[in-house]
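**Student:** Predicted model, plus sequence, below.
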Amino acid sequence: MNLSNLKPAEGSVHKDGKIIGRGQGSGKGGTATRGHKGAKSRSGYSKKIGFEGGQMPLQRRVPKFGFNNINRVSYRGINLSSLQELVDSGAVKKTVTLEDLIENGLAGKNDLVKILGGGELKAGLKVTVHKFTGSAKKAIEAAGGEAITL
């Protein structure tokens, strides 16, 4: 036995952290390490999200801006070039329905779909979706297809 391997008996040393608010004799009585006065010294205190010590919070300093129309209807736009890619890859033959577009990942199951006139369509397709732009409708009919609105 030497000084390097001495240690106290099992269970004789307790390091459970400081015990506060148990009277003056404990050395941590009185204010129980909370300091004097103020919100942080009171029981039940919890800092609110965004609280800046009484300074006007950023969320309230910055003005509201813009307008959100609750009646807005937004469509998932799909270009003619995307339809042509479907035909080239063999994913669709003569008809393109909403289910085909969902299956191939071009639209979500809850999306409203609008065909846009971007790109070129060579195949004569029968396209069935919610909306078409004027140029898309013309291009589909010019290629020998049909544009059907749901």
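**Tutor:** That came through fine.
**Student:** Just give the number of residues close to residue 58.
**Tutor:** Neighbourhood size, residue 58 [other C-beta atoms under 10 Å]: 9. Where C-beta positions appear, they are placed from N, C-alpha and C, glycine not excepted.
**Student:** no no, residue 96
**Tutor:** Neighbourhood size, residue 96 [other C-beta under 10 Å]: 26.
**Student:** what about the residue nearest to residue 21 when sequence neighbours are not counted, helix or strand, and which?
**Tutor:** Of all residues not flanking residue 21 in the chain, residue 32 sits nearest, at 3.7 Å (C-beta to C-beta, 6 or more residues apart in numbering). When elements are defined using DSSP states H and E, residue 32 is found to belong to no helix and no strand.
**Student:** how much space between residue 32 and residue 125?
**Tutor:** 77 Å (C-beta to C-beta, to the nearest Å).
**Student:** Looking at the two, which has the bigger crowd around it?
**Tutor:** Neighbours per residue (other C-beta under 10 Å) separate residue 32 from residue 125, with residue 125 holding more: 23 against 14.
**Student:** who touches that one in this structure?
**Tutor:** Contact analysis of residue 125 by C-beta atoms under 8 Å, 6 or more residues apart in numbering lists 83, 87, 92, 94, 95, 96, 140, 143, 145, 146.
**Student:** Tell me which helix or strand residue 128 sits in.
**Tutor:** According to DSSP H and E, residue 128 maps onto strand 126-129.
**Student:** Fine by me, thanks again.
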